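Novice: what's the 3D shape of this:
(one chain, ligands or ions: 1)
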Amino acid sequence: MVKGTASIAINRVSPGNYLPGCVSLPSHYGTASWYRETTVKNIIAAVQENLETLDQMTGFTSSLINREVVLKPNLVLVYDRIGLARPVYPNTTDPRVIEATVLFLKRYQARITIAESSGRGLPTRSAFKLSGLARLAARHQVNLIALEEEPVNLYSFPHGKVEKSFLLPAVLERILQGEALYFSLPKLKTNLYTGVSLGCKNSMGFFPYLFRQRNHNFNLPEKLADIHSFIPPDLIIIDGIVGGEEQSPGPVHPVDSRIIISGNQGPETDRAAARIMGFQPEEMPLFQALDRRFPPATRVKTAGHAPVIPFRPANPSLHSKDFRRHFPRVLALIGHEREEEGLPMELNCRGGCLATTRLGFEFFRFEGIPRNFPLTLIIGRGLYDGENRYYLDGEGTLYPLEKIQTLPRPVLAIGSCAVQTCGHFASRSLKGCMIHPNSVHQSLHQLTGLRCRMLNPLAPAIVPFIKGRMSMQMRRFWQLARGQHLDYSQYLPEINSDFSPELDRGFLKVPLDPMDWKQRLHLIARELFTQI
Ligand code: SF4
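Specialist: Alright, predicted model coming up:
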């Protein structure tokens, strides 16, 4: 991690229409005419000027000598003609910003890797293809790694507040050992789970799916602080060419932000970016968790003007006017025993099933199909008065379990808490905290009988998606057949946290033996019969 005073560089990009090409590179990418386009020239110039300024402030390029750079973009879901109302949604790092960064870094270091694991259910190979990064990598001799296909190492991490162990793809161990640098390239955008998704949240995409799901609930801010403590980025370069506001990682609205923000300290850079978006970071649980662990720098040097470009916030609420306007016959019943002062009932557990539910409804909304269907949603274990359990609707009306069971409409129980209380009578139950990101959307189609338009056979993204899915699955089968561990399973050894952290930078690698044949076959079967 780059040490010392926090340094931040901010550059605005000249006015222009940057929306075309902000999600994926066009077919004429790499030609002379591509590089003559004003928008491309402006982005390259802005990124280079930004990084030169940051280098003058920090000297970070001297650390590039003899050290490979791992770039981590945010490719959670590449919204390029996937069958929704608009062709593109700026939810992922602009590939033009990634190329501009590669061009700058190539002056100092030839070994560059782009590593990512997209959202669960979305193969990273498809994301590389759809975004054009596969072509970019071939053009600039950059290594591409789809992390969900890579064997993992296990680390004990006793300092973690909620995560006492980590599984990290073995190919990233060189970052932990200081042999490679980790540069995070997030998108400037809001987020349903955490308010904003910037540098510190971007690290989540390094980890295997089941690790990501763990503590993906009210503990999410602390989990992200643990992740930042375990593997902090050496540099953050935030792509704000076209920002994304409202319901990310669902379809977002573009913001004409035209800004590049870079910095050498994650929380400080993210905090500056959140302020530029018009938010008060000190009021956001994510920054509160980061601040408790990484006190704000005593000195922050900023080069460039920090404007305020107001972003409309993400709102996971199912009781909001906005949600009820879009889905007038959906009754959301929520009951959490956990209560934090000043928070509305539903936000007492924001970072899991609530946000995923809203995400599923956003997909449905942007498919442009009728939304006037009746449905009851249940989230949480319910309030308990010693005898009965109750849920609340948006008006504060109490619904005892007996009443919910008599409602003449399908019931969808979302999250393990609700399934525990209502699973026995629900029409459909979705277990987990961070339930599969597509499961609510899928359930809505199944319960309403309305045909899904997303990734349908006519969507241009369908071919890369299917091909990527097959290749990813074959590669995962192959790794499992070799006895390699890919994610959490019952075949991992027990963690022994009893060691002196001074001996090993706060974490300890736990040796993993290859699995035996029975274990390998069991995990292959699990992949075959469950949605990964
Ligand atoms: S199941 Fe949902 S409500 Fe329950 S802890 Fe997990 S995220 Fe929170």
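Novice: Strands of the stretch 201-350 of the chain, start to end?
Specialist: For the stretch 201-350 of the chain, the strands defined by DSSP state E, counting those that start in this stretch occupy 235-245, 253-255, 259-263, 300-303, 330-334.
Novice: would you list the ones you listed in JSON lines and tack on distance to the ligand, mean pLDDT and mean neighbour count?
Specialist: Backbone N, C-alpha and C define where each C-beta goes, glycine included. Rendered in JSON lines, the data for the strands of the stretch 201-350 of the chain read as follows (distance: least, Cβ to the nearest ligand atom, whole Å; pLDDT from 0 to 100; neighbours: other Cβ atoms under 10 Å):
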{"stretch": "strand 235-245", "distance to the ligand": "24", "mean pLDDT": "98", "mean neighbour count": "28"}
{"stretch": "strand 253-255", "distance to the ligand": "26", "mean pLDDT": "97", "mean neighbour count": "19"}
{"stretch": "strand 259-263", "distance to the ligand": "31", "mean pLDDT": "98", "mean neighbour count": "29"}
{"stretch": "strand 300-303", "distance to the ligand": "34", "mean pLDDT": "96", "mean neighbour count": "16"}
{"stretch": "strand 330-334", "distance to the ligand": "9", "mean pLDDT": "97", "mean neighbour count": "24"}
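Novice: Next up, the contacts around whatever residue of the stretch 151-300 of the chain ends up closest to the ligand.
Specialist: The minimum distance from the stretch 151-300 of the chain to the ligand, using Cβ to the nearest ligand atom, falls at Asn217 (3.6 Å). Each residue near Asn217 by Cβ atoms under 8 Å, 6 or more residues apart in numbering is listed here: Cys349, Gly351, Gly352, Cys353, Cys433, Met434.
Novice: let's see 7 Å
Specialist: Cys349, Gly351, Gly352, Cys433 (Cβ atoms under 7 Å, 6 or more residues apart in numbering).
Novice: mind giving me JSON lines with the residues you listed and columns for secondary structure?
Specialist: Listed next are those as JSON lines, based on DSSP: H, G, I helix; E, B strand; the rest coil:
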{"residue": "Cys349", "secondary structure": "helix"}
{"residue": "Gly351", "secondary structure": "coil"}
{"residue": "Gly352", "secondary structure": "coil"}
{"residue": "Cys433", "secondary structure": "coil"}
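Novice: Buried only: go through these for me.
Specialist: Cys349, Gly351, Gly352, Cys433 (16 or more other Cβ atoms under 10 Å).
Novice: Indicate which one of the strands of the stretch 201-350 of the chain is closest to Ala481.
Specialist: strand 235-245 (37.7 Å; Cβ to Cβ).
Novice: What strands flank that closest one, and is each parallel or antiparallel?
Specialist: strand 180-185 (parallel), strand 187-191 (parallel), strand 253-255 (antiparallel), strand 259-263 (antiparallel) (DSSP bridges).
Novice: Distance to Trp34 added to those, as TSV?
Specialist: Formatted as TSV, the strands paired with strand 235-245 follow (distance: least, Cβ to Cβ, whole Å):
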stretch	distance to Trp34
strand 180-185	20
strand 187-191	22
strand 253-255	21
strand 259-263	20
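Novice: Between the ones you listed, which one is closest to Ala6.
Specialist: Here strand 259-263 is closest among the strands paired with strand 235-245 (Cβ to Cβ), at 6.5 Å.
Novice: ranges for the strands of the stretch 51-200 of the chain?
Specialist: Assigned by DSSP E, counting those that start in this stretch, the stretch 51-200 of the chain shows strands spanning 68-73, 79-80, 88-89, 112-116, 143-146, 152-156, 165-169, 180-185, 187-191, 195-197.
Novice: any idea of the mean pLDDT in stretch 42-51?
Specialist: Mean per-residue pLDDT for stretch 42-51: 98.
Novice: where in the stretch 401-532 of the chain is pLDDT low?
Specialist: 496-505 (pLDDT under 70).
Novice: residues from it in reach of the ligand?
Specialist: Gly415, Ser416, Cys417, Cys433 (Cβ under 6 Å from any ligand atom).
Novice: Which two of these have the greatest separation?
Specialist: Between any two of these (Cβ to Cβ), the greatest distance is 8.4 Å, for Cys417 and Cys433.
Novice: that older thread, please tabulate the strands of the stretch 201-350 of the chain in CSV, including the columns distance to Gly468.
Specialist: Listed next are those as CSV, based on distance: least, Cβ to Cβ, whole Å:
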stretch, distance to Gly468
strand 235-245, 23
strand 253-255, 25
strand 259-263, 29
strand 300-303, 40
strand 330-334, 33
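Novice: Identify whichever of these lies nearest to Ser197.
Specialist: Among those, if distance is taken as Cβ to Cβ, the winner is strand 235-245, at 8.6 Å.
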